[in-house]
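A.B. asks: Structure for this input, please:
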Amino acid sequence: AQSLVLFSIGVVFVCLLCAVLVLGKRRKKLEDEDSSLRNDVEMQDYKKQESTMATSTTGTTATATATATKTVSTNQSMLSACLEMENANEGALKSTADAGDAAAVADNAVVNSSQNEVP
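C.D. replies: Prediction:
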């Protein structure tokens, strides 16, 4: 009877030892899977941040391009206005010169008429 009790205790001990070993291996496997999943999640987060940064950079570039385009458009408008002013100034100078020529002709006519008068 005593050997039967010792045998039963030995069987229970071996079963407990096997259970501990099996559970230890399973725990290790679950930890590896968890680590792998965490790495995948971290990689997805990194890619998401990278994508967000790329989108932000693209948006900033688009804004800078739009600003540059607007600046070029404004500069072109200013240049057009300057050219129109220059054309207007040239027209005014030509008108002034024509008026000066007309005044000279009128002066010559007055001088000529006064020379033609008999004293």
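A.B. asks: in the chain, what spans have low per-residue confidence?
C.D. replies: 114, 116-119 (pLDDT under 70).
A.B. asks: And the helices in it?
C.D. replies: 2-116 (DSSP state H).
A.B. asks: so how many other residues sit close to S80?
C.D. replies: Neighbour count for S80, taken as other Cβ atoms under 10 Å: 10. C-beta coordinates here come from the backbone N, C-alpha and C atoms, glycine included.
A.B. asks: From T74, how far out is it?
C.D. replies: In this view, S80 and T74 are 11 Å apart by Cβ to Cβ, to the nearest Å.
A.B. asks: do the same with T60
C.D. replies: 21 Å.
A.B. asks: Then N108?
C.D. replies: 51 Å.
A.B. asks: again, but for T58
C.D. replies: Taking Cβ to Cβ as the measure, T58 falls 24 Å from T74.
A.B. asks: re earlier: name the residues contacting each of S80 and T74.
C.D. replies: Counting by Cβ atoms under 8 Å, 6 or more residues apart in numbering, S80 and T74 have no contacts in common.
A.B. asks: ok, Q44 to R38 distance?
C.D. replies: 11 Å.
A.B. asks: ditto for S80
C.D. replies: From S80 to R38 the distance is 62 Å (Cβ to Cβ).
A.B. asks: Likewise for L4?
C.D. replies: 51 Å.
A.B. asks: next one: Y46
C.D. replies: Note on Y46: its distance to R38, by Cβ to Cβ, is 12 Å.
A.B. asks: Also L16?
C.D. replies: 32 Å.
A.B. asks: do M85 as well
C.D. replies: 69 Å.
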